[in-house]
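Engineer: Next comes the sequence, and after it the predicted model I'd like to discuss.
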Amino acid sequence: MIGIQESKELFALLNSDQRSIDQVVQDFTSKFPHAIHFNLCCSLAFLIEDNDMLKPTQRLIAFAVLHHTCSSQHSSANPFISILVNVACDDSIEKMERAFILQLLGSVGDGNSREVLSQSVLDYINGFDSSSVVIGNKWDTYLDLLQADYTEGQLTREAAEEAVEEQADEVVLGVLLDRLEVLL
């Protein structure tokens, strides 16, 4: 659980729509003790679940924070990756938000999220060109993340099970593993 003061500071960061996304994420890291990052990210995940709780600019910052918080781990080990992938692949979500997440994950474009992070969310929204983005389905996105984390020679059924286990239920795991076996 987070307190009132942390909530105020978190919303102040979410409202930083004219600063670079990278600066806002760095402020998140420096303003809050590492021990509460997970709780703050859980709060962000809760807010993201309801599309009407946050403005589009706030949602983009929340996505960047969720992605960055566990960026030192493999993408597939990030406890919030399933939320990001589910939002990115949800046809009812605005394409701009979906493309933003996929750029963070390195699934579209040149895979370099540095350019995206150097912009403010307002600049990103104003410069977004929906005709230049093709968004695949959820399972392909999960597979892309797995392949980015493991080289082809190192990817085994056990490694795939371990990487996906926390992100998907058993049905999804079975589908992914069947598709991975075809790739191997």
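Structural biologist: Looks like it arrived, so ask away.

Engineer: Pull the number of nearby residues for the nearest residue to Phe100 once chain neighbours are set aside.
Structural biologist: Closest residue to Phe100 apart from its sequence neighbours, by Cβ to Cβ, 6 or more residues apart in numbering: Leu60 at 5.5 Å. Using the backbone N, CA and C atoms, a C-beta is placed for each residue, glycine as well. Using other Cβ atoms under 10 Å, Leu60 is surrounded by 27 other residues.

Engineer: And the one 10 residues further on, by the same measure?
Structural biologist: One way to gauge burial is a neighbour count; for Cys70, by other Cβ under 10 Å, it gives 17.

Engineer: Over to Ile93?
Structural biologist: 17.

Engineer: what's the pLDDT at it?
Structural biologist: pLDDT for Ile93: 88.

Engineer: Isn't His67 up against Leu84?
Structural biologist: Yes: using Cβ atoms under 8 Å, His67 is in contact with Leu84, at 6.3 Å.

Engineer: what helix or strand does the residue nearest to Phe100 sit in?
Structural biologist: helix 56-69 (DSSP states H and E).

Engineer: same for that helix, what does it pack against?
Structural biologist: helix 4-14, helix 21-31, helix 37-49, helix 81-88, helix 95-105, helix 121-127 (3 or more Cβ pairs under 8 Å, 6 or more residues apart in numbering; DSSP states H and E).

Engineer: could you redo these as TSV and give each row distance to Lys55?
Structural biologist: Shown next, in TSV, are these (distance: least, Cβ to Cβ, whole Å):
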stretch	distance to Lys55
helix 4-14	8
helix 21-31	14
helix 37-49	11
helix 81-88	15
helix 95-105	11
helix 121-127	10
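
Engineer: want to try JSON lines for the ones you listed, with mean neighbour count and distance to Glu115 as columns?
Structural biologist: Listed next are the helices and strands packed on helix 56-69 as JSON lines, based on neighbours: other Cβ atoms under 10 Å; distance: least, Cβ to Cβ, whole Å:
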{"stretch": "helix 4-14", "mean neighbour count": "15", "distance to Glu115": "21"}
{"stretch": "helix 21-31", "mean neighbour count": "17", "distance to Glu115": "10"}
{"stretch": "helix 37-49", "mean neighbour count": "17", "distance to Glu115": "23"}
{"stretch": "helix 81-88", "mean neighbour count": "22", "distance to Glu115": "18"}
{"stretch": "helix 95-105", "mean neighbour count": "21", "distance to Glu115": "8"}
{"stretch": "helix 121-127", "mean neighbour count": "16", "distance to Glu115": "10"}
